[in-house]
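Visitor: Fold the following, please.
(chains A and B)
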Amino acid sequence: MPHGYHGQILHVDLTTGSLEIERPPDSFYRFYMGGSALGLRYLLKHTPAGADPLGPENTLVLALSVLTGAPVSGQSRVTAVAKSPLTGAVGDSQAGGFWPAQFKFSGFDALVIRGRSERPVYLWIHDGEAELRDAAHLWGRITGEVEDALREELGDEKIEVLQCGPAGEKGVRFAALINMSTRANGRTGMGAVMGSKNLKAVVVRGKLRPSLADAKALNALARRGAKELPDSMIAGLAKYGTAEIVVPQNKRGGLPSYNWDSGVFDGAEAIGGERLYDTILRERDTCYACTVRCKRVVEVTEGPYRADPRYGGPEYETLATFGSYCGVDNLEAIALANQICNQYGMDTISCGATIAWAMDCFENGLITSEDTGGLELRYGDADLIVRLTEMIGRREGFGDLLAEGSAAAARVLGRGTEELVVAVKGQEMPAHMPQVKRSLGLIYAVNPFGADHQSSEHDPPYEGGYHYYEERMKALGLTDPQPKYSLTDEKVRYALTTQYLYSCLDSINICQFVFGPAWQLYGPDDLVEMVRAVTGWDVTLDELMRVGERRLNLLRAFNAREGLGREQDRLPPKLWKALKGGPTDGFRLEPEEIERAKDVYYALAGWDVSTGVPTRARLVELGLEWVADLLAESNRPSD
Amino acid sequence: MRETRVHVRLYGILRDRLPPEARGEITLTLKGDASVADVAAWLRQMGVKMALEFAVNGEVVDGDRPLSDGDRVEIFSPVAGG
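Guide: Predicted coordinates:
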């Protein structure tokens, strides 16, 4: 028997209603390890090039890893992959919570979903068994109601539910998968894919816990993390949540404000972590077996923006996208917008950023109340962010257009609205500014599933900041800190190297606040120790990095097969314009700087510099000859 | 000896180093030619081990920035991600 995983992958064909169990060999698990890399293997095999993301040909994979469910912080995560309805490129998104661990205990390591059911169904997986059940009575209902109904129907309070909300049913392009009514596979529209399949929910429960190779070593690692947490750089995350960084970002001039016209927001303290802690925080929440407890639960019992603690609380990204992006300094309104996103199942980043884009268009006279159904879209309007969020979730009125995402909505409207879109490959940019952290400019551009802030380490440790964490960076071969605000060739190498590590983390499904290359609770050597303790494999850091390399090349290969390459690795025009105000007044990126960095990056990655496509030699080197063959068959040869 | 009085505001987890009613704010009197390093040393003496970032009068500065009487020093622990 393997340690850490079951060796069972559940395949569901919703068109035929068939359920099958695949039992891959141990070598398969060691090659992909889980999460994104494993999911992409099935996505590439089962989804033909050019498939409609919301059609039955798309494949949705929910993948755990060989570590999920082990009693240590940071492991209870699930990766969702499919072709993205938001970008038309590969879709990829991670979420934490208790659902991932509970899915593991139900007896499976991953779920591969194909086809489309004729009528709404949900999947009930428990103790090694699975069945499709009618979900007509759940269709159209918000997440909390669905959880309640399923607990009653199945007679078990301890089930965990991952679901698409009403937004996913209605094909909102940035619809999320929601578990616990609070955790989101938020990015790239995975909720819309699930909704398009008439699959309302995946409900899990079980007691099948895989064995551990070395429980004593894992326990020692877990205890060490708990002991070191109070003096670590994530101690603030534990107490204030990710909201803690609103104010520091603003102090540095790195808090995107007014749809990215500025890096400072006068209302930052009003929506920051300290204010949240002092006013609306009800309690802290955590993911299975995690000592960090970084999730917030808020409650607002009076006034126009009452927020139900059942739906958690806003993260930093949410506070920024609905707050500073939109010029809104009303914390309670942001908490309610966050709640609506969790009820309807929407990505708070794309939702808030799309509203900010619409406000920018309106403020600049590019759209009028004739376009918006009479709404005046003004920065700072707290009522409006709440109202528009609900309209998007329901696809009502102007919300129906915004539900397409800012890039697609701009294509419909035209009139120069495209110039104000802040997205890459159609995915709205998260709240970390490449003008301040230059390597993010490169990673936002080249990342296969669009702009993403959790695909590589950010610049400060590359520049000797954050205490530098010299030993951890050295383990990755990063020994020469680079100048602040630079995008040198060496910094490009730093970015690609940490992108490989983060790609590994998204394949072994490990939280990037807990394990990482610098400021996280645990470093790369600890990661090796954990994988060894759980699986018994004699892995090295090099082997784990190879998994990350493999995953990044699989993502890239998927896009290549869709005809997407270097041309799509483009930053939005706003980043070439000077920021206004604060310490980053006048900061902007140079197009030539990014193009040159892309040259260096593609060459280092082993990809064709002119197309950005992985070469056959590179794919073969990574053991992915079948992917090179796939590209050749689809007339997108890698050479 | 010359003294420099500065107003200090601590953010995030650093607030916990002061009584709750202080809400992270305190006035410090520093002796001699004061700099941000002296404020950092005060925090280190209280057992703070994590990395720190500083802003003086609203501007992010390096750890050796000289301080003048009446300066407003803000201190936070840098965190990436989110």
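
Visitor: Tell me which helix or strand in chain B has the weakest average pLDDT.
Guide: Lowest mean confidence among the helices and strands of chain B (mean pLDDT, DSSP states H and E): strand B:59-61, at a mean of 85.

Visitor: should've said chain A
Guide: Per mean pLDDT, DSSP H and E, bottom of the list for chain A is helix A:235-240, a mean of 88.

Visitor: What are the buried residues along it?
Guide: Within helix A:235-240, the residues scored as buried using 16 or more other C-beta atoms under 10 Å in any protein chain shown are A:235-240. From N, CA and C alone the C-beta is placed, and that goes for glycine too.

Visitor: gap between that helix and the chain center?
Guide: Distance, stretch centre to chain centre, for helix A:235-240: 21 Å (C-alpha atoms, centre = their mean, to the nearest Å).

Visitor: and that helix with chain B, contact?
Guide: Yes - judged by C-beta under 8 Å from any C-beta of the partner chain, helix A:235-240 comes into contact with chain B through A:235-240.

Visitor: Tell me the helices and strands packed up against that helix.
Guide: helix A:273-279 (3 or more C-beta pairs under 8 Å, 6 or more residues apart in numbering or on different chains; DSSP states H and E).

Visitor: Which other helices and strands does the helix it packs on contact?
Guide: helix A:235-240, helix A:246-251, helix A:331-344.

Visitor: got the buried residues for the helix or strand hosting B:Thr4?
Guide: Assessed by DSSP states H and E, B:Thr4 sits inside strand B:3-10. Neighbour counts over strand B:3-10 (16+ other C-beta under 10 Å) mark B:4, B:6, B:8-10 as buried.

Visitor: same question, stretch A:611-618
Guide: Quick answer for stretch A:611-618 (16+ other C-beta under 10 Å): A:612-616, A:618.

Visitor: For those, work out which two are farthest apart.
Guide: A:Gly612 and A:Arg616 (14.8 Å; C-beta to C-beta).

Visitor: Show me the shaky parts of chain B.
Guide: B:78-82 (pLDDT under 70).

Visitor: mind listing the strands for it?
Guide: B:3-10, B:25-31, B:53-56, B:59-61, B:72-76 (DSSP state E).

Visitor: and the longest one, what does it pack onto?
Guide: Contact here means 3+ C-beta pairs under 8 Å, 6+ apart; on that basis strand B:3-10 packs against strand B:25-31, strand B:72-76.

Visitor: so it versus strand B:72-76, what angle?
Guide: 40 degrees (axes from the mean of the first three to the mean of the last three C-alpha atoms, to 10 degrees).

Visitor: chain center to strand B:3-10, what's the gap?
Guide: The answer for strand B:3-10 is 7 Å, by C-alpha atoms, centre = their mean.

Visitor: cool, the third one as well?
Guide: Here strand B:53-56 shows a centroid-to-chain-centroid distance of 7 Å under the convention C-alpha atoms, centre = their mean.

Visitor: Residue 9 bridge partners, please.
Guide: I'll assume chain A. Counting by DSSP bridges, A:Ile9 is bridged to A:Glu22, A:Ala110.

Visitor: actually it's chain B I care about, not the one you picked
Guide: In beta-bridge terms (that is, DSSP bridges), B:Arg9 pairs with B:Glu25, B:Glu74.

Visitor: Surely it touches B:Gly24?
Guide: Yes - look at B:Arg9 against B:Gly24 with C-beta atoms under 8 Å: they come within range, at 5.7 Å.

Visitor: helices and strands around the biggest helix by length in chain A, which ones?
Guide: Assignment by DSSP state H gives helix A:541-561 as the longest helix of chain A. Contact analysis of helix A:541-561 by 3+ C-beta pairs under 8 Å, 6+ apart lists helix A:26-32, helix A:35-46, strand A:90-95, helix A:489-505, helix A:524-535, helix A:616-621, helix A:625-633 as its packing neighbours.

Visitor: ranges for the strands of the stretch 1-150 of chain A?
Guide: Assigned by DSSP state E, counting those that start in this stretch, the stretch 1-150 of chain A shows strands spanning A:9-13, A:18-22, A:60-63, A:78-83, A:90-95, A:110-114, A:121-126, A:129-134.
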